[in-house]
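Participant: Pasting the sequence and the predicted model now:
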Amino acid sequence: MPLPEFLELVGQIKRDVREIDVQQLRQMQEDKEDFSLIDVREPEETQQGTIPGAALLPRGVLELKIDQVTSDKERKIVLYCAGGNRSALAAYMLQRMGFRNVLSVIGGYSGWKQTLGR
């Protein structure tokens, strides 16, 4: 169970991060929008599956290795984790690095599976 301080921190950060739900992400994919989708979960978590088209870049190395996905500060980047908290933290940090079009998926991969049955 996460510490209350963690949940408080995530709550504060989410006020500064743009979030989308899984239906909006699916619509972006269906519309063939141009964006980078990044799974910030750990490799062992992705054994459960991933959202189609996602690049794996774990939260622990995201800031160091984001250039392996994009260095374009204007590019739309969509991040997801298991439930939406780590991706919000990741989005916040990318914004601090100057990326201006970063989104976090509410509910993460769990929400994707539950909502879309994939």
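Facilitator: Received the coordinates, thanks.
Participant: buried sites along the strand or helix carrying Leu7?
Facilitator: Using DSSP states H and E, Leu7 sits within helix 4-14. For helix 4-14, a neighbour-count test (16 or more other Cβ atoms under 10 Å) marks Leu9, Val10, Ile13, Lys14 as buried. Quick note: C-beta positions are derived from backbone N, CA and C, even for glycine.
Participant: Which helix or strand contains the residue nearest the centre of the chain?
Facilitator: Nearest residue to the geometric centre of the chain (Cα atoms, centre = their mean): Leu79, 1.7 Å. Here Leu79 sits within strand 77-80, counting by DSSP H and E.
Participant: where do the helices sit along this protein?
Facilitator: In chain order, the chain shows helices spanning 4-14, 22-30, 62-65, 85-96, 108-116, with DSSP state H as the criterion.
Participant: Tell me the helices and strands packed up against the shortest one.
Facilitator: Contact partners of helix 62-65 among helices and strands, from 3 or more Cβ pairs under 8 Å, 6 or more residues apart in numbering; DSSP states H and E: helix 85-96.
Participant: Give the buried residues for the helix it packs on.
Facilitator: Neighbour counts over helix 85-96 (16+ other Cβ under 10 Å) mark Asn85, Arg86, Ser87, Ala88, Leu89, Ala90, Ala91, Tyr92, Met93, Leu94, Gln95 as buried.
Participant: quick one, what contacts the third one?
Facilitator: Spelled out, that is Ser87. Taking Cβ atoms under 8 Å, 6 or more residues apart in numbering, we find Ser87 in contact with Val40, Leu79, Tyr80, Cys81, Ser104, Val105, Gly108.
Participant: where does the last one land on pLDDT?
Facilitator: We note a pLDDT of 97 for Gly108 in this prediction.
Participant: how about it, what does it touch?
Facilitator: Arg41, Tyr80, Cys81, Ala82, Gly83, Gly84, Arg86, Ser87.
Participant: Distance of it relative to Val78?
Facilitator: In this view, Gly108 and Val78 are 11 Å apart by Cβ to Cβ, to the nearest Å.
Participant: And for the first one?
Facilitator: For Val40, the distance to Val78 (Cβ to Cβ) stands at 11 Å.
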